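Asker: kindly return the folded structure for what I paste below:
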Amino acid sequence: MTNVSSEPTVSDPSDEEASKPADEAGADGPPVDGSAEGAKAGAKPEGGGDSEASADAGDKAATGDKAATDDKAATDDKAATDDKAGPSDKAAESDQTASEDKADEPADPFAAFAPPPEVVPTRTRRATTRVAGAVGRFFAHEWTLAAIGSVVLAAIMTWPTLQHPASTIPQDIWDPTLQAWQMSWAGHILTTDPAQLWNANAFFPNKYSYAFSDTLLGYAPAGMIGSGPVAAILRYNIIFVLIFALAFFGAYALARQLGAGRTGAAVAGAAFAYAPWRLGQAGHLHVLSIGGIALALAMLARGHGFSLTRGYEPGKRRWGWVLAGWLVAAWQISLGFGIGIPFAYVLLGIVLVTAVIWGYRHVRVPSVHRPFGWKLLVADLGGGLVFAATGALMAYPYLQVLKAHPYARRSEEIVGLFSPPLRGFFISPPESRLWGDAYAAARGSLPWAPEMALLPGFFLYGLAFAGLFVSTWRLRHRLFLGLGVVVSITLAMGTHGPGKGEFGYLALYRALPGFDGIRTSGRLMVWTTLFLALLAAGAVSAFAQRAVELFADRTKSDVSTKAGFLPRLATLVPLVLVLAEGLHTPGPHPTVPPAPIAFSSVQGPIMVLPTDELTDMNIMLWSTDGFPQMVNGGSGFTPRDQEQMRATMRQFPDEASVQALRDLHIKTVVVVRSRAQGTDYARSIDAPIDGLGLERTEQGDVILYKVQDESN
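Answerer: Here you go, the predicted structure:
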């Protein structure tokens with residue numbers, strides 16, 4: 001038998017055709033000489049018939065499919081296995097191997113180098129991505145960061161107000177408890193019987209008793225949450241922190257809208273919110289609530305497209321911001337007239353001056369187009385009407401109080417008692433950590449230091465003075481702001497102003513309605529602080545910009561790059577100094593006296609002993625559990641009939657006091673034993689009641705007297 005391997009190899013045309021696909025397969029295909037090696041392996045001497053069958057099977061594999069060119073298909077082991085198998089089995093197996101190899105082989109050899117196909121997101125994923133992006137942009141926005149930062153800073157600067165917010169209260173337990181009652185009453189009555197809003201449960205039987213002081217009516221929505229004394233204290237503490245945050249945010253927004261940089265605006269916010277004089281007013285929530293003033297002015301300026309650096313820009317007009325500004329102004333005036341009345345007159349003055357200037361320029365230079373727009377006009381008219389209506393509705397009950405109690409009007413003598421001298425604007429209140437102790441002797445020279453120590457901050461004075469010379473604002477704007485500082489201080493001095501106030505505060509007192517209801521002229525310090533803050537913002541903004549430019553020149557870098565980080569960081573020093581002046585001493589946060597247990601079950605009208613203006617403020621807080629009508633009540637105004645009743649009840653129980661109770665239809669007298677001891681009302685603890693028509697019971701620290709009808 002002839003050995004096939006000894007004969008010279010002759011290329012067959014069919015073999016050449018079979019090798020073409022392997023050549024075309026490139027780097028991803030099997031080697032080109034795979035079929036030749038398979039042929040040699042298949043030619044091993046295993047017998048003549050077997051050799052021919054093996055050769056036939058090799059030919060079929062080479063001509064039947066491209067995959068027959070694979071190296072593995074031509075190995076010695078595969079050839080030996082194929083020799084043992086029949087022709088049909090070997091062909092089937094070759095077909096199966098070829099199919100598997102084709103499945104592994106990519107259709108396009110260059111597909112491995114192509115980028116992965118784009119994955120089309122689902123509708124849910126697209127919506128989630130959109131929402132996440134919107135949330136991210138919201139929290140990264142300047143105004144969101146400013147708002148959050150304002151709240152965090154307020155919590156730090158007013159600490160430990162939020163340490164025990166349900167049991168302690170800032171400053172003292174008198175005025176703050178009155179104001180906690182005011183917010184609770186507004187929230188309670190507006191959800192139960194709105195028509196009786198002004199007829200509060202205190203000062204019975206007087207009408208319009210809710211208007212005996214600044215009402216804080218704007219906080220009524222907060223008063224609708226929770227009930228009882230504990231909720232009232234917690235609510236007060238939260239509002240107390242938030243009003244500082246709003247003051248900072250409002251002044252920041254106003255300074256930014258007028259054209260100040262971020263650092264300058266932060267200085268303005270810190271100065272407006274944490275001026276040292278405000279530390280001395282920690283017990284007067286209506287005086288601290290000034291954030292709406294700056295915020296309303298910022299919104300109105302934004303809506304009208306106005307700034308101090310760019311002037312009037314018609315393209316930036318937004319009627320929505322205008323309307324929002326008027327609504328915020330209306331809310332601000334609803335908090336009280338002590339701060340609200342001057343704000344109303346300032347707004348009126350701004351409107352009149354702006355209208356005159358715009359009309360003059362429109363007529364004087366007709367070639368210059370200064371559009372206003374009907375939308376803006378409607379927003380101003382509508383918002384102004386809302387503001388005016390709010391003021392009128394708020395004024396009505398106060399006018400009724402003056403009608404019923406003419407002596408409630410603040411006389412010029414009372415204004416003189418609370419008018420601060422000029423030196424008071426350079427004296428710090430005792431609550432200032434930085435300056436309080438240093439000015440203890442100076443405060444002793446003031447007739448009434450709590451209302452006359454009105455230092456806005458020495459660092460603020462310095463920055464504002466620098467702002468007169470170096471500032472982002474134009475020269476005329478700096479002069480106007482400086483004039484505002486001088487005028488506001490002159491007015492705040494009251495009867496200590498020029499001509500003993502004849503050319504200042506007293507002129508407004510006699511000419512403008514509402515000023516005769518303001519007892520303390522020094523609270524106009526709000527406007528002095530705002531003008532100083534804006535001057536300081538202009539100075540710090542100019543310093544920051546100049547520092548960045550100098551740094552960029554020296555480092556040969558772009559101002560917009562990170563090269564400006566260090567100089568901007570250095571300009572934070574004024575902010576730190578202003579905040580340092582606003583730090584308060586670790587002052588008292590006294591625990592509020594809890595209400596007696598028996599107090600929650602009594603039915604009105606009642607009278608609680610002992611009674612005086614300050615003690616009644618605590619009793620008003622206790623009455624938030626059910627709001628029974630009661631003779632007790634303390635505020636900035638005391639009705640004469642209440643004074644007479646207090647004097648009469650010093651002899652309780654006797655015939656005159658019992659008859660006075662019957663005349664007012666008072667059914668219950670509550671005596672707090674621990675408070676009555678050692679006072680003018682100590683007799684009410686254990687005096688005999690025989691023949692007086694009284695029934696006495698004791699519940700813990702409380703003694704209850706039931707007043708029986710005369711027929712009994």
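
Asker: shaky segments in the stretch 451-600 of the chain?
Answerer: By pLDDT under 70, the weakly predicted segments of the stretch 451-600 of the chain are 556-564.

Asker: what helix or strand does E698 sit in?
Answerer: strand 694-699 (DSSP states H and E).

Asker: now do the helix or strand hosting H286: which elements does it pack against?
Answerer: Taking DSSP H and E as the criterion, H286 maps to helix 285-288. Helix 285-288 is packed against helix 175-192, helix 229-258, helix 337-364, with contacts defined by 3 or more Cβ pairs under 8 Å, 6 or more residues apart in numbering; DSSP states H and E. C-beta: built from backbone N, CA, C; applies to glycine.

Asker: if you set the cut-off to 10 Å instead, what comes out?
Answerer: Applying 3 or more Cβ pairs under 10 Å, 6 or more residues apart in numbering; DSSP states H and E, we find helix 285-288 packed against helix 175-192, helix 229-258, helix 276-279, helix 337-364, helix 525-555.

Asker: how about it: buried residues?
Answerer: 285-288 (16 or more other Cβ atoms under 10 Å).

Asker: what are the structural domain limits within the chain?
Answerer: Domain assignment for the chain, taken from automatic domain parsing, gives 4-107, 140-197+206-581, 597-707.

Asker: how deep is T585 tucked in, by neighbour count?
Answerer: Using other Cβ atoms under 10 Å, T585 has 14 neighbouring residues.

Asker: which pLDDT value does the model give the spatially closest residue to it that is not a sequence neighbour?
Answerer: Leaving aside its sequence neighbours, T585 sits nearest to R433 (Cβ to Cβ, 6 or more residues apart in numbering; 4.9 Å). R433 carries a pLDDT value of 93.

Asker: just checking, R433 touches L579?
Answerer: No: counting by Cβ atoms under 10 Å, R433 does not reach L579; the two are 11.2 Å apart.

Asker: so for these two, which sits in the more crowded spot?
Answerer: L579 (20 against 17).

Asker: now E313: phi and psi?
Answerer: Dihedral angles of E313 (phi, psi; degrees, to the nearest 10) stand at phi -120, psi 100.

Asker: pretty sure it contacts S307?
Answerer: Yes: the criterion here is Cβ under 10 Å, and E313 meets it with S307 at 7.5 Å.

Asker: which one of those two is surrounded by more residues?
Answerer: Taking other Cβ under 10 Å, E313 and S307 do not tie; S307 has more neighbours (18 against 11).

Asker: just give me the neighbour total for the spatially closest residue to that one that is not a sequence neighbour.
Answerer: Among residues not flanking S307 along the chain, G259 sits closest, at 4.6 Å (Cβ to Cβ, 6+ apart). Neighbourhood size, G259 [other Cβ under 10 Å]: 20.

Asker: quick check: buried residues in stretch 176-195?
Answerer: Neighbour-count burial for stretch 176-195 flags 176-190 (criterion: 16+ other Cβ under 10 Å).

Asker: actually stretch 672-687, sorry about that
Answerer: 672-673, 675-676, 680-684.

Asker: what sits against the spatially most central residue of the chain?
Answerer: The chain has A147 as the residue nearest its centroid, 4.5 Å off, counting by Cα atoms, centre = their mean. By Cβ atoms under 10 Å, 6 or more residues apart in numbering, the contact list for A147 reads 141, 245-246, 248-249, 252-253.

Asker: send the alpha carbons of the helix or strand harbouring it over as PDB?
Answerer: Secondary structure assigned from DSSP H and E places A147 in helix 142-157. Extracted in PDB, the C-alpha atoms of helix 142-157 (Å, rounded to 0.1, in the frame of the first residue of the first chain):
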ATOM      1  CA  GLU A 142     -27.500  81.000  46.000                       C
ATOM      2  CA  TRP A 143     -30.800  81.900  47.600                       C
ATOM      3  CA  THR A 144     -31.300  78.400  49.000                       C
ATOM      4  CA  LEU A 145     -27.900  78.400  50.500                       C
ATOM      5  CA  ALA A 146     -28.500  81.900  51.900                       C
ATOM      6  CA  ALA A 147     -31.800  80.800  53.500                       C
ATOM      7  CA  ILE A 148     -30.300  77.700  55.000                       C
ATOM      8  CA  GLY A 149     -27.300  79.500  56.200                       C
ATOM      9  CA  SER A 150     -29.500  82.200  57.700                       C
ATOM     10  CA  VAL A 151     -31.400  79.700  59.800                       C
ATOM     11  CA  VAL A 152     -28.200  77.800  60.900                       C
ATOM     12  CA  LEU A 153     -26.500  81.100  61.900                       C
ATOM     13  CA  ALA A 154     -29.600  82.200  63.800                       C
ATOM     14  CA  ALA A 155     -29.700  79.000  65.800                       C
ATOM     15  CA  ILE A 156     -26.000  79.500  66.700                       C
ATOM     16  CA  MET A 157     -26.200  83.200  67.500                       C
END
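
Asker: so how far is that helix from its chain's centroid?
Answerer: Relative to the centre of its chain, helix 142-157 is centred 7 Å away, using Cα atoms, centre = their mean, to the nearest Å.

Asker: from the contact counts, what lies against the strand or helix carrying A298?
Answerer: A298 belongs to helix 291-303 when assigned by DSSP H and E. Applying 3+ Cβ pairs under 10 Å, 6+ apart, one finds that helix 291-303 contacts helix 229-258, helix 262-273, helix 319-333, helix 337-364, helix 374-404, helix 525-555.

Asker: please name the nearest non-neighbouring residue to D680.
Answerer: The spatial neighbour of D680 that comes closest, neighbours along the chain excluded (Cβ to Cβ, 6+ apart), is R650 at 4.6 Å.

Asker: do M607 as well
Answerer: Leaving aside its chain neighbours, M607 sits nearest to V631 (4.4 Å; criterion: Cβ to Cβ, 6+ apart).

Asker: try Y210
Answerer: A200 (4.2 Å).

Asker: is the one you found in contact with D193, as I believe?
Answerer: No: taking Cβ under 10 Å as the definition, A200 is not a contact partner of D193, at 11.7 Å.
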